[in-house]
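1. any chance you could fold what I've pasted below:
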Amino acid sequence: MNRILNRLIFVVIVLLILFFNVSIKARDSGLLSQSCQLILVLTDSVNANQGWLYRFERETPGAPWKSVGKAIPVAIGRNGLAWGRGLHPKETDRKPLKKEGDGRSPAGVFTLSAVFGQIPPDSMAGLKMPYIFLKKGLECVDDPVSVYYNRMVERDTVKTVDWHSSEKMWHPGIWYRLGVMVEHNKRPVVKGAGSCIFLHNWSEPGETTAGCTAMDPANMKKIAFWLDAAKHPLLVQLTRHWYHKLQLRWELPPVTP
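-> Prediction:
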């Protein structure tokens, strides 16, 4: 009787493991299903602050991904990567987790929602994304105590300025002359989970960021005009170790080192 019972318990455990693995794959396999444009950023380790950006596109959802252009060198947060809040499911064993002020860029899958810049809209002909013109007074609030946390607001239009820290988006430097909005920690916004994440220019090669992903201005312009809102562009940021673990589950395209 004990032998039969042990066998039954063993069979149940095996079935539960199989069901759990199938459930995870089914949950994760839809992450990129509606996208026809993908930006993949890979770094060598969780603490590395330099990496490579790869572009992919496909004609229809579900079709094979095709590589676009050459790999682009990028710099990320000065302290590397941490798991952010995006389209990917939350898993308790994924660490470190992105926090405000940690100097890390968010890892995971994120929607790219708009291009922004200091260039007048009438000079942006050919852009296929919504465009946010960074006029003076526009700030991205990174103070977790503010009701405007992780939002772009015009200082002169709010009833009460309740923040003590923000990104001045009209800054005269080159960083925000052109960039892309990354939808990190948006629905819902969790206070202290990280804010104001962008793709944007760097002022010199290898320059690190507080949590964004930066690159040469010529490459940033190339990406901004390549992105197409109708193709539901996504950003995936991972270490190469995480990429190899998740490539099949997330149905990510293969990358040539």
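2. so where is the stretch 151-257 of the chain shaky, pLDDT-wise?
-> 257 (pLDDT under 70).
3. just the helices in it please.
-> For the stretch 151-257 of the chain, the helices defined by DSSP state H, counting those that start in this stretch occupy 217-226, 240-250.
4. make a markdown table out of those helices and add distance to residue 211 and mean neighbour count.
-> (Glycine included, C-beta is placed from N, CA and C.) What follows is these, written out as a markdown table (distance: least, C-beta to C-beta, whole Å; neighbours: other C-beta atoms under 10 Å):
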| stretch | distance to residue 211 | mean neighbour count |
| --- | --- | --- |
| helix 217-226 | 17 | 18 |
| helix 240-250 | 18 | 15 |
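5. what helices or strands is the longest strand belonging to the chain leaning on?
-> Longest strand of the chain, by residue count under DSSP state E: strand 105-117. Judged by 3 or more C-beta pairs under 8 Å, 6 or more residues apart in numbering; DSSP states H and E, strand 105-117 is in contact with strand 81-83, strand 131-133, strand 178-182, strand 234-239.
6. on that earlier part again, for residue 75, which of the helices of the stretch 151-257 of the chain is the nearest?
-> Closest approach to residue 75 among the helices of the stretch 151-257 of the chain is made by helix 217-226 (11.8 Å; C-beta to C-beta).
7. show me what that closest one is packed against.
-> In terms of contacts (3+ C-beta pairs under 8 Å, 6+ apart), helix 217-226 is packed against strand 50-57, strand 66-75, strand 178-182, strand 198-201.
8. what lines up beside the third one in the sheet?
-> Put plainly, it is strand 178-182. When pairing is defined by DSSP bridges, strand 178-182 lines up against strand 105-117 (antiparallel), strand 198-201 (antiparallel).
9. as JSON lines, the ones you listed with mean neighbour count and distance to residue 41 would be great.
-> Below are the strands paired with strand 178-182 laid out as JSON lines (neighbours: other C-beta atoms under 10 Å; distance: least, C-beta to C-beta, whole Å):
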{"stretch": "strand 105-117", "mean neighbour count": "23", "distance to residue 41": "8"}
{"stretch": "strand 198-201", "mean neighbour count": "23", "distance to residue 41": "9"}
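10. and these as a markdown table, adding distance to residue 181?
-> Compiled in a markdown table, the strands paired with strand 178-182 are given as follows (distance: least, C-beta to C-beta, whole Å):
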| stretch | distance to residue 181 |
| --- | --- |
| strand 105-117 | 5 |
| strand 198-201 | 6 |
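11. of all those, which lies closest to residue 207?
-> With C-beta to C-beta as the measure, strand 198-201 is the member of the strands paired with strand 178-182 nearest residue 207 (9.5 Å).
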